[in-house]
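Asks: Build the 3D model from these lines:
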Amino acid sequence: MRFVVDGMLGGLARWLRMLGHDVLYDSHATDNALLDLAIRDGFVLLTRDEELHQRALARKIPALLVARQTEEERLAEIARRFHIPLVVNMTHTRCPKCGASLQEVSKEKIAERVHPASLKAYDQFWQCEEPKCEKVYWMGSHWKQIHTTLTRAKQLLDQDA
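Replies: Reported below is the predicted structural model:
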């Protein structure tokens with residue numbers, strides 16, 4: 001799926017990118033810019049702003065007013081509405097920071113950019129393909145929290161089914 005996300009949903013933008021979706025996010029974008037992007041590029045608008053949501057619907061832009069408070073609730077809400085799986089698949093995951101594709105890389109290629117303890121503890125690494133970003137990722141200690149959040153979102157999704 002392709003989403004454009006308003007400035008109040010930056011955390012959700014990162015989660016959707018991890019789930020492999022194309023997400024445009026600019027915390028400084030105006031409402032008109034968000035609407036124009038959604039129309040021009042065929043993105044679904046996700047917003048917490050009721051007025052922006054109404055303007056999108058009036059212009060026949062697919063939009064969701066994200067009413068839930070926690071990331072788990074928001075992920076479940078979006079998964080329900082758009083029938084998206086709540087699974088991180090590293091072959092489809094996008095850079096949570098900028099949204100570009102990730103590429104698996106060797107330890108040697110990123111050795112100078114990752115702490116030696118992480119290089120020793122983990123075997124798989126991915127790097128953002130965007131030259132201005134090039135952030136490196138691995139399934140480190142934070143992976144447990146990612147798994148917990150997605151498991152909770154799936155439970156909420158199942159409860160409301």
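Asks: going forward, measure contacts between C-alpha atoms and count neighbours the same way
Replies: Will do.
Asks: Show me the domain layout of the chain.
Replies: Per automatic domain parsing, the structural domains of the chain span 2-82, 102-159.
Asks: mind checking the end-to-end distance for the longest one?
Replies: With CA to CA, to the nearest Å as the measure, the first residue of domain 2-82 is 11 Å from its last.
Asks: Check stretch 20-33 too.
Replies: 24 Å.
Asks: What lies in contact with that stretch?
Replies: With CA atoms under 8 Å, 6 or more residues apart in numbering as the test, stretch 20-33 has contacts from 1-8, 10, 13, 16-17, 52, 88-89, 92-94, 99.
Asks: still on that earlier bit, most neighbours per residue, which of the domains of the chain?
Replies: domain 2-82 (a mean of 18; mean count of other CA atoms under 10 Å).
Asks: Show me where the protein dips below the pLDDT cut-off.
Replies: Along the chain, segments meeting pLDDT under 70 span 161.
Asks: how about the strands of it, start to end?
Replies: 2-5, 22-25, 44-47, 63-65, 102-105, 125-128, 136-137 (DSSP state E).
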